[in-house]
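Undergrad: Return a 3D structure for these sequence lines:
(one chain, ligands or ions: 1)
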Amino acid sequence: MIGIFDSGSGGLTVLKAIRDELPSADILYLGDIGRAPYGEKTSAELSLFTMQALSFLGKRGVTSIVSACNSVSASLALSLYDALDIQASHIIEMVGPTAKALIGVPGRLLLVATPATIRAGIYENAFTMLGIECEHLTLPELAAMIEFGRSEAEIEAYIRTQLEPRAGSFDVLILACTHYPLVEHIFAKVVGSSVRIFDPALAVAERAQRRLWPQEVGDGTLSFTVTQETLQFRERVAHFFGEHPVEVIALEQLHPPTSRAQ
Ligand code: DGL
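TA: Numbers count the residues shown, from 1 in each chain. Coordinates of the predicted model:
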């Protein structure tokens, strides 16, 4: 079974792409809405959340992991696989497949992401190593606005204000936060048809297909778990995958007891 995790519903865009590539894989999705947004958290908090998500998914029987959250990518660069008994080849994250897919893409690139992703410098490093020139811009409030259902008009006004100073300076816009493709139509409206919008989900899904097939063949069961119930999450699940039950777990289930006395 594949485990996919994110701070909330952003990762559903990655799940959708993976589902298209690997329809027979069993997938358990974890959305940590109770602690969203991740993009505003410290590196230490994100490393802890990542560890907890991997450990939770492992206990539920997951054998491969896709991190559908750019903000935790730096945490996945830590050597925690040994500690959790997960093989590195069974973890897929966003940065590698995205950077690879951008090699040779013509035009001036602008990457938009959360503060945590930009602060980690992980895309910047990958692009530097690959000789890709790219500007970066944080959109600090956007993931939370999307997650918690702010109106399209408010989201459009926010994106417009943030991107206005960069108008005319880029040809390709990279959506390096998995929440952003949920409002790709709004980005498209703001930047206009001369700018190409790049959603990394496809590159990640192709990586998952190459890496995880055929070992992750099952009967195509999808399961959803969140740490806080929201109407938006249920509606997005129904929109992408049809009606599915959504399990709500207490945050404590991501906080396994650490006392030695246990
Ligand atoms: N969707 C996640 C990302 O790709 C997290 C966004 C957030 O919770 O701030 O970065």
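Undergrad: which bits of the stretch 1-150 of the chain sit near the ligand?
TA: Residues of the stretch 1-150 of the chain lying close to the ligand (C-beta under 6 Å from any ligand atom) are 6-7, 10, 36-39, 69-71, 114, 117, 143. (Each C-beta comes from the backbone N, C-alpha and C, glycine too.)
Undergrad: In helices, which of those fall?
TA: T117, A143 (DSSP state H).
Undergrad: Pipe the residues of the stretch 1-150 of the chain next to the ligand into CSV and attach neighbour count, pLDDT and distance to V246 per row.
TA: CSV is the format used below for those (neighbours: other C-beta atoms under 10 Å; pLDDT from 0 to 100; distance: C-beta to C-beta, whole Å):
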residue, neighbour count, pLDDT, distance to V246
D6, 31, 98, 14
S7, 34, 98, 16
G10, 31, 98, 16
A36, 25, 98, 15
P37, 25, 98, 19
Y38, 27, 98, 19
G39, 28, 97, 23
C69, 35, 96, 18
N70, 32, 96, 23
S71, 33, 96, 22
T114, 29, 98, 24
T117, 28, 97, 26
A143, 31, 98, 20
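Undergrad: What's the first helix or strand after the least confident helix or strand in the chain by mean pLDDT?
TA: Across the helices and strands of the chain, mean pLDDT, DSSP states H and E gives its lowest value to helix 81-84, namely a mean of 68. Moving toward the C-terminus from helix 81-84, the first helix or strand encountered (DSSP states H and E) is strand 91-92.
Undergrad: counting contacts, what elements does that next one pack onto?
TA: Applying 3 or more C-beta pairs under 8 Å, 6 or more residues apart in numbering; DSSP states H and E, one finds that strand 91-92 makes contact with strand 64-67, helix 201-212.
Undergrad: among those, which is the most enclosed?
TA: strand 64-67 (a mean of 25; mean count of other C-beta atoms under 10 Å).
Undergrad: for it, packing partners?
TA: In terms of contacts (3+ C-beta pairs under 8 Å, 6+ apart), strand 64-67 is packed against strand 2-6, helix 43-59, strand 91-92, helix 201-212.
Undergrad: ok, 6 Å please
TA: When contacts are defined as 3 or more C-beta pairs under 6 Å, 6 or more residues apart in numbering; DSSP states H and E, strand 64-67 packs onto strand 2-6.
Undergrad: Return the set of buried residues in the strand it packs on.
TA: I2, G3, I4, F5, D6 (16 or more other C-beta atoms under 10 Å).
Undergrad: Could you tell me the angle between it and helix 201-212?
TA: Comparing the axes of strand 2-6 and helix 201-212 via axes from the mean of the first three to the mean of the last three C-alpha atoms, to 10 degrees yields an angle of 150 degrees.
Undergrad: one step back: now the residues of the stretch 1-150 of the chain next to the ligand as JSON lines including distance to L137?
TA: Formatted as JSON lines, those follow (distance: C-beta to C-beta, whole Å):
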{"residue": "D6", "distance to L137": "21"}
{"residue": "S7", "distance to L137": "20"}
{"residue": "G10", "distance to L137": "18"}
{"residue": "A36", "distance to L137": "21"}
{"residue": "P37", "distance to L137": "17"}
{"residue": "Y38", "distance to L137": "18"}
{"residue": "G39", "distance to L137": "13"}
{"residue": "C69", "distance to L137": "19"}
{"residue": "N70", "distance to L137": "14"}
{"residue": "S71", "distance to L137": "15"}
{"residue": "T114", "distance to L137": "11"}
{"residue": "T117", "distance to L137": "11"}
{"residue": "A143", "distance to L137": "14"}
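Undergrad: farthest-separated two in the residues of the stretch 1-150 of the chain next to the ligand?
TA: Greatest spatial distance in these: A36 and T117, 14.4 Å, computed using C-beta to C-beta.
Undergrad: so which of the residues of the stretch 1-150 of the chain next to the ligand comes closest to I18?
TA: Taking these together and measuring to I18 by C-beta to C-beta, the closest member is D6, at 12.4 Å.
Undergrad: Would you check that the closest one makes contact with C69?
TA: Yes: between D6 and C69 there is a contact under C-beta atoms under 6 Å: 4.3 Å.
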